[in-house]
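Peer 1: Below are the sequence and a predicted model for it; my questions follow.
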Amino acid sequence: MRIGPGIGIGGRRGGASGPAPTAFLGQSINAAGWSATYASPPTFTPDSNPERFTVTRQGYNSIGVPTTFAENLICTSRTRQVHPNHANLTTDQISLSDYVYAADTVLGATNNSLEDSPKPIANWTLPDRRVVGNSLTVRFTAWHRNARNGEQIASAKLTATDGTNTVTQYVSASSLIGLSDYANPTIEYVCTFDITSLNDNAAITVGADIYPHVGVAASVLSTTEYSAFREFRPQVYLKNVSLAANPVYVYVATGGNDTTGAVSTNAATAEASPCLSIRGAINRANTVNGRLDGVEIRLTAGTWAWSSSAGDGTRTQDIGEIVITRDPNVSKAAAIFTFGSVLPYVGTAGAWFRLFDITVTRTATNGWQGQGASPVVTIYDRVVFNNAGFTSAICASAIAFASHVAVDFTGSTTPPINVASHPCFGLIIGCTGPAPGNTDQWCLLGNTFTTMVGVLSTSTGTTTARCIVAFNEFLTKSNINGITAVTAAQFVFAQNVIEHTALGIGAQLLFSADSATQSLTHVICVHNTLTGFFSLGRGNLFYDDGPTPRAHKLFSMVGNIHVQLNTKGDVFMSNGARTGNFAYLYAPGCNGEFTQFIDAQNGGLGTSFAQVYQGIRASVGTSNATRNDPLFVNYQSLTSGPTAGAGGGNYRIAAGSPAKSRAAPVLKWDLDGTLRSTTLASAGAYE
């Protein structure tokens, strides 16, 4: 059993350690899991004098073995009746600090909960198709609403197989990645395999099973559930010890010859006899080497245009990516790769490219395309991407896909990561530059985007939409409504900073809000910092309004600094059947929340636009004019009037901030890479 503190809402017990078992003083847990039947309940004071009770939970340990442990939850509030009797409390119904799951045992009470712990939300953070030797490193991000002691998950079982032989490794501790490489550091899980025992010159498939701290077999996430490009599918690599140590080089230079250019594992030999064009280098490498897996094409100083032909599909690329990079003797700015409309057709299996450490300049509206049934996947890795004023998406067909790693976008106010009509973007990590409306938020990590002029949204077309937006800065947002309008039923929005400077409509977070149609299950919104004034920069969360009834559940809202929080349900709709936001009204899974202003109707807690209770250790704004001030170091967002902000503020919090020592520990590090408190962390993105 694991031993350690709880999440700030009670204690956690393993063996003889921890708090003594405490019986529930009510009678039963309700089917919804977040509420209970409790005859003649008192008025609870959960922060100053909490009434705890012990729950024995099913879960997993650090190597994915089922275990049980005890945890204390808290009775938080009596619940009201539904409209039109909403002014009256129920006689025997209360809310709880978190969900009780169906597999839990509650000391002293009957557990009628029908809710199961959900599966984690995860995705890879290092693209595959690399050529590797006897060592293989993979990275992924994983999240669950039942984080513990700064770790989102209990463990992950990683397997690497050549189809006959398999190696297995467990990872249970997160790592800080990209501190000096990405726009913002990210928190990821890292696994490095020794694959010496796996066959050489073979496809290596990596899979993962992700185990939550709390849950049963149905709560375990597996890569076997997915297959689409940007989902948490099995990854594929080429193990070739010789090729990993000695890539096949082809150079491209003025005066080169596409017929006689050298193809060699000796860089000097290839440099001495270059090809004249990128397409020529690819064809030459295929002719001489017999395959394109692991070929590295080096560009000398100059501007090199990609050209392609439908007849190129006879070339061979089975597993490993083609790398297009620069001659080490020239600068990134001098080696320029240009493209217009591209059909990078390599072979019937598809094409995998990595554009690495060069400048990429766009020359036409159209982007990359696959051909026939053959997809193309392009990784933009540490490139300067000059979008040259074009506004359309870089992927121009439904079988063209792209990921961006530490890219610096230039050349216009619109980089090429806006949503097209198909799910074209996978990982976007560590990038900088301007961002358009409709930026694809599928897996958006560690970026700093400026001059925001629209919303983040998620393209459809995947098996199950589970998007992750974490560790980003979204700065100088303009008037367009919404920084994140989520179309995924499950999603993560974590440790982001939003600087809202312009006057206008002003909703920043829209989680199934304003007559949306989607019910949300498993939403993780933790340690975000949002700025604005009163309703400009507000959050509209978990609504049950409009023509479509909804039901939201199993969220985690921990340690956020909000501008304003609004929710709508039965009272707003004058309809006692609209209780789809009732869980959020009573805040199970909400901890250490901080709001700067009162709700949009100026009613305060318990009124038609607001929660009834905002969660353990909440700090609630009570004015539409005077800020519940978290003491930002240099606030440059909207102010009273309202008055537009200059932008470029510093949203770390000063010593003595009321946002400090407020939230349960759910992340190890803040947005600066500073360790967070292991007892009570600061609200917001910075410790």
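Peer 2: Great, that's in hand. Numbers count the residues shown, from 1 in each chain.

Peer 1: what distance separates stretch 674-687 from the middle of the whole chain?
Peer 2: 19 Å (CA atoms, centre = their mean, to the nearest Å).

Peer 1: List the buried residues for it?
Peer 2: Neighbour-count burial for stretch 674-687 flags Arg676, Leu680, Ala681, Ser682, Ala683, Gly684, Ala685, Tyr686, Glu687 (criterion: 16 or more other CB atoms under 10 Å). In short, each C-beta sits where N, CA and C put it, glycine included.

Peer 1: Compute the first-to-last residue distance for that stretch.
Peer 2: Using CA to CA, to the nearest Å, one end of stretch 674-687 lies 7 Å from the other.

Peer 1: let's have the chain start at 265 instead
Peer 2: In the new numbering, first residue 265, that becomes stretch 938-951.

Peer 1: can you tell me the average pLDDT over that stretch?
Peer 2: Stretch 938-951 shows a mean pLDDT of 98.

Peer 1: Stretch 470-480 too?
Peer 2: Here the average pLDDT along stretch 470-480 is 98.

Peer 1: Run through the chain and note the low-pLDDT ranges.
Peer 2: 265-283, 572-577, 607-609, 636, 677-679, 682-686, 699-702, 716-729, 742-752, 769 (pLDDT under 70).

Peer 1: Relative to the centre of it, pull out the residue lying furthest away.
Peer 2: Thr524 (47.2 Å; CA atoms, centre = their mean).

Peer 1: which one is it nearest to, not counting chain neighbours?
Peer 2: Ser537 (6.8 Å; CB to CB, 6 or more residues apart in numbering).

Peer 1: and that neighbour, what does it touch?
Peer 2: Residues near Ser537 by CB atoms under 8 Å, 6 or more residues apart in numbering: Tyr515, Gly520, Asn521, Thr524, Gly525, Ala526.

Peer 1: got these as TSV, with distance to Ala597 and secondary structure columns?
Peer 2: Formatted as TSV, the contacts of Ser537 follow (distance: CB to CB, whole Å; DSSP: H, G, I helix; E, B strand; the rest coil):
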residue	distance to Ala597	secondary structure
Tyr515	19	strand
Gly520	21	coil
Asn521	26	coil
Thr524	30	coil
Gly525	25	coil
Ala526	26	coil
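
Peer 1: now, the most widely separated pair of the residues you listed?
Peer 2: Greatest spacing in those, by CB to CB: Tyr515 and Thr524 (12.5 Å).

Peer 1: one step back: quick one: which of the contacts of Ser537 is nearest to Ser887?
Peer 2: Once CB to CB is applied, the member of the contacts of Ser537 that ends up nearest Ser887 is Tyr515, at 66.2 Å.

Peer 1: Can you report how many residues lie near that closest one?
Peer 2: For Tyr515, the neighbour count with other CB atoms under 10 Å is 25.

Peer 1: Please give me every residue in contact with it.
Peer 2: So Tyr515 contacts Gly525, Ala526, Ala534, Glu535, Ser537, Pro538, Cys539, Ala545, Ile561, Arg562, Thr564, Asp591 (CB under 8 Å, 6+ apart).

Peer 1: circling back to that earlier point, adding distance to Phe735 and secondary structure as columns, could you present the buried residues of stretch 938-951 in JSON lines?
Peer 2: Output for the buried residues of stretch 938-951, formatted as JSON lines (distance: CB to CB, whole Å; three-state DSSP):
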{"residue": "Arg940", "distance to Phe735": "13", "secondary structure": "coil"}
{"residue": "Leu944", "distance to Phe735": "21", "secondary structure": "coil"}
{"residue": "Ala945", "distance to Phe735": "15", "secondary structure": "strand"}
{"residue": "Ser946", "distance to Phe735": "16", "secondary structure": "coil"}
{"residue": "Ala947", "distance to Phe735": "16", "secondary structure": "coil"}
{"residue": "Gly948", "distance to Phe735": "13", "secondary structure": "coil"}
{"residue": "Ala949", "distance to Phe735": "8", "secondary structure": "coil"}
{"residue": "Tyr950", "distance to Phe735": "12", "secondary structure": "coil"}
{"residue": "Glu951", "distance to Phe735": "14", "secondary structure": "coil"}
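
Peer 1: hey, where'd the helices end up in the protein?
Peer 2: Applying DSSP state H to the chain gives helices spanning 505-509, 531-536, 542-553, 834-837, 846-850.

Peer 1: Give the buried residues for the second one.
Peer 2: In other words, helix 531-536. Ala531, Ala534, Glu535.

Peer 1: So which residue is dead centre in this protein?
Peer 2: Ile732 (2.0 Å).

Peer 1: How about that one: which residues does it bridge to?
Peer 2: Cys707, Val756 (DSSP bridges).

Peer 1: just so I have it, where are all the strands in the stretch 565-714 of the chain?
Peer 2: 566-569, 586-590, 599-603, 615-620, 623-626, 640-645, 648-650, 664-669, 672-674, 689-693, 696-698, 703-704, 707-709, 712-714 (DSSP state E, counting those that start in this stretch).

Peer 1: how far does the fifth one sit from the chain's center?
Peer 2: Looking back up the chat, that one is strand 623-626. 27 Å.

Peer 1: what does the last one give?
Peer 2: Going by CA atoms, centre = their mean, the spacing between the C-alpha centre of strand 712-714 and its chain's C-alpha centre is 16 Å.

Peer 1: what's the burial count for Leu895?
Peer 2: 14.

Peer 1: distance of it from Gln759?
Peer 2: 19 Å (CB to CB, to the nearest Å).

Peer 1: what about the closest residue to Asn410 other than its chain neighbours, neighbour count?
Peer 2: Closest residue to Asn410 apart from its sequence neighbours, by CB to CB, 6+ apart: Val478 at 4.1 Å. Here the count is done by other CB under 10 Å, and Val478 has 25 residues near it.

Peer 1: how about Val478, what does it touch?
Peer 2: Counting by CB under 8 Å, 6+ apart, the residues that Val478 touches are Arg321, Gln322, Gly323, Tyr365, Ser381, His408, Asn410.

Peer 1: quick one: the second one and His477 touch, right?
Peer 2: No - counting by CB atoms under 8 Å, Gln322 stays clear of His477, with 10.3 Å between them.

Peer 1: quick one: which of the two has more around it?
Peer 2: His477 (28 against 20).

Peer 1: sorry, back to before: among the buried residues of stretch 938-951, which one lies nearest to Glu495?
Peer 2: Ala949 (27.3 Å).

Peer 1: Would you mind measuring from that closest one to Tyr899?
Peer 2: For Ala949, the distance to Tyr899 (CB to CB) stands at 14 Å.

Peer 1: Glu415 pairs with what?
Peer 2: Under the criterion used (DSSP bridges), Glu415 bridges to Arg412.

Peer 1: what about it, neighbour count?
Peer 2: With other CB under 10 Å as criterion, Glu415 counts 21.

Peer 1: Over to Gly427?
Peer 2: 11.

Peer 1: for Val884, same thing?
Peer 2: 21.

Peer 1: Hmm, it is touching Leu869, no?
Peer 2: Yes - using CB under 8 Å, Val884 makes contact with Leu869 at a distance of 6.4 Å.

Peer 1: contacting residues around Pro538?
Peer 2: Counting by CB under 8 Å, 6+ apart, Pro538 makes contact with Val514, Tyr515, Val516, Ala517, Gly519, Gly520, Asn521, Gly525, Ala526, Ala545, Thr564.

Peer 1: Need the residues you listed in CSV (columns: distance to Thr623).
Peer 2: Output for those, formatted as CSV (distance: CB to CB, whole Å):
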residue, distance to Thr623
Val514, 19
Tyr515, 17
Val516, 14
Ala517, 17
Gly519, 21
Gly520, 20
Asn521, 25
Gly525, 23
Ala526, 25
Ala545, 18
Thr564, 13
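
Peer 1: and the two most separated of those residues?
Peer 2: So for the contacts of Pro538, where distance means CB to CB, the most widely separated pair is Val514 and Gly519, at 15.0 Å.

Peer 1: which one of these two has more residues nearby?
Peer 2: Val514 (30 against 7).

Peer 1: need the contact list for that one.
Peer 2: 525-527, 534, 538-539, 545-546, 548-549, 559-562.

Peer 1: Closest one to Cys854 out of those, please.
Peer 2: Glu560 (50.7 Å).
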